[in-house]
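**Student:** need the 3D shape of this:
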Amino acid sequence: MMGSGAHLYQVGICPRILQLSRPRCRPLNLHTRSSAEAAVLSGLAGTDRVSPPASQQQAVFWEFQQLGLSEKAISSILKKYPAYLKWDVAQDLQPAIQQWHDQLGQNVEKALRRDACLLSYTAVRRQEHYAWLLSIGVQDPQQLIVKEPRILGYSLKAMQDRVNALIATGCSLQQVAALLERHPRIMLKKEEALQNQLLFVAQVLEMPVTSSEVLDFVLTINPNSNFFACDVNTLREGLAFLKKTGVSKKGLANGLKHNVCSVRPGEMQLRCQHLTARLGLSNKSLTRILKNQPGVLARQPARLDINLRRLEGLRFSASQVQSMATRQPTLLTANWDTALQKEKWHVLSNIMHMPLERLVSSPAILQSAMEKLLSRWQFLCLLANAGHLKNSSPIDILCNSIADTDKQFAEVFNCKGMHLVYDESFKKACLANYVPKFLDA
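**Tutor:** Got it, this is the predicted structure:
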């Protein structure tokens, strides 16, 4: 435990620099083929009576490699849209790649992964769709196409029908544009299915479908979830399972946000059993976890195991991990391999010298923002050095007040001349001698 924070300010500043580099494309060897390339080319050749010559296939493969696509990604694209293998490389393929690269830059790689047909869409079609998206209020049509390029495969009439269906549920055109920017996948659903999806959300929230709260809620759903890819029956089955486990109305809404209801009930049951066995939970503890964080059921068991191993690697015992997971279920869904989490653990263990027992009793500390932790710690150390903390330590106060807002925290310690301000240089000093490593190393 630290009695004074004075020595923290004597550490030299050496900011950590992250070097991000894009892997270079490896040109295709015209004399040899990788197993991935050979597999896709031989497989595609068998689907047509007349297959393109080998040199043509290799040239097409090589052109895609110049975009930075891996051989596996190229194989997938060519399986989904084998017509590229018959395109004239110089007259058709290269101009199409260049045209889309001029439009999307490096994002053309992402768009191609999401829609293998991307290069087949003409400039005229793209411009028509861009103009239509702008007309309904979409701010950045280009970014929307990167997120969901399959929209270009639909006619403007089909998309207008979907917009009309949303307006029929009570949405304004401005709200439709916001919804489309957040969840462009809605344009891929039929009008009736789209209306049923919104009606399902309204039923979960126990509100009229025309209520603005319904759309506001949909806008909070994780854009990477499978919510709009699922049919309503699947969502209803998932919701029914959560209700059986005792999840509250708020928990059900939370489950919708975090992709839980798209998981089949049978798979949910298996994940509950895995979590119970892995943590040694009682039915009561499992129910408590699911009530507070049903999102744990959206995680694959293998991913949960990785998170638990990381926590155990921090020297927590199995019983301590169980206690923390029950108190703070979001610990189970956090990614403990990020640089930020590793830095945070360094600060907690090597700068604050936080006892494990305090983290077990206050697990929210582990998921607090770094700025929040450091600004409060620096403030408390200054108070301790000035003799304002008589019967308490910075660690005790930090743990007991971690749930307070900055305003509430500052009001408790209204000391003249001392302010709760985040100091970036203090963070750099704390991390001066830090060497990134795995948490369980």
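**Student:** residue contacts, the residue nearest to Tyr121 when sequence neighbours are not counted?
**Tutor:** Closest residue in space to Tyr121, ignoring its immediate chain neighbours: Leu152 at 4.5 Å, by CB to CB, 6 or more residues apart in numbering. The way it works is simple: take the backbone N, C-alpha and C, and place the C-beta from them, glycine included. Remark: with contacts taken as CB atoms under 8 Å, 6 or more residues apart in numbering, Leu152 is in contact with 115, 118, 121, 125-126, 129, 145.
**Student:** quick one: neighbours of the residue nearest to Arg185 when sequence neighbours are not counted, just the number.
**Tutor:** Using CB to CB, 6+ apart and skipping residues adjacent in sequence, the residue nearest Arg185 is Phe228, 4.6 Å away. Close neighbours of Phe228, defined as other CB atoms under 10 Å, add up to 19.
**Student:** from memory Phe228 sits against Met187, does it?
**Tutor:** No: distance between Phe228 and Met187: 9.6 Å, which falls outside the contact criterion (CB atoms under 8 Å).
**Student:** counting neighbours, what do you get for Ala177?
**Tutor:** Around Ala177 sit 20 other residues, with neighbours defined as other CB under 10 Å.
**Student:** where does it land in three-state SS?
**Tutor:** Put simply, Ala177 is helix when judged by DSSP: H, G, I helix; E, B strand; the rest coil.
**Student:** same deal with Leu256?
**Tutor:** The three-state label given to Leu256 by three-state DSSP is helix.
**Student:** residues contacting it?
**Tutor:** 201, 204, 217, 221, 227, 235, 239.
**Student:** neighbour-wise, which of those residues leads?
**Tutor:** When neighbours are counted by other CB under 10 Å, Phe227 leads the contacts of Leu256 with 24 neighbours.
**Student:** gap between the nearest residue to that one once chain neighbours are set aside and Tyr121?
**Tutor:** With CB to CB, 6+ apart as the criterion, Phe227 has its nearest non-adjacent residue at 5.3 Å, and that residue is Ile221. As judged by CB to CB, to the nearest Å, Ile221 and Tyr121 stand 28 Å apart.
**Student:** also Lys291?
**Tutor:** Per CB to CB, Lys291 is found 47 Å from Tyr121.
**Student:** again, but for Asp88
**Tutor:** Computed as CB to CB, the Asp88 to Tyr121 distance reads 18 Å.
**Student:** looking at the contacts of Leu152, which are in helices?
**Tutor:** Cross-referencing those against helices under DSSP state H gives 125-126, 129, 145.
**Student:** list only buried entries from those.
**Tutor:** With burial judged by 16 or more other CB atoms under 10 Å, the buried subset of these is 126, 129, 145.
**Student:** now tabulate these in TSV and tack on distance to Leu270 and pLDDT.
**Tutor:** Written out in TSV, the entries for those read as follows (distance: CB to CB, whole Å; pLDDT from 0 to 100):
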residue	distance to Leu270	pLDDT
Arg126	44	93
His129	42	95
Ile145	38	94
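**Student:** for those, which one is nearest Ile351?
**Tutor:** When these are compared for distance to Ile351 (CB to CB), Ile145 wins out at 45.7 Å.
**Student:** wait, doesn't that closest one sit right on Ala111?
**Tutor:** Yes: under the contact definition of CB under 8 Å, Ile145 touches Ala111, with a separation of 6.8 Å.
**Student:** pull up the overlap in contacts between those two.
**Tutor:** Taking CB under 8 Å, 6+ apart as the contact criterion, the residues that touch both Ile145 and Ala111 are Leu104.
**Student:** hang on, the earlier thing: farthest-apart pair in the ones in helices among the contacts of Leu152, please.
**Tutor:** Farthest pair in these, by CB to CB: Arg125 and Ile145, 11.2 Å.
**Student:** what about stretch 132-144, average pLDDT?
**Tutor:** Model confidence over stretch 132-144, given as mean pLDDT, is 94.
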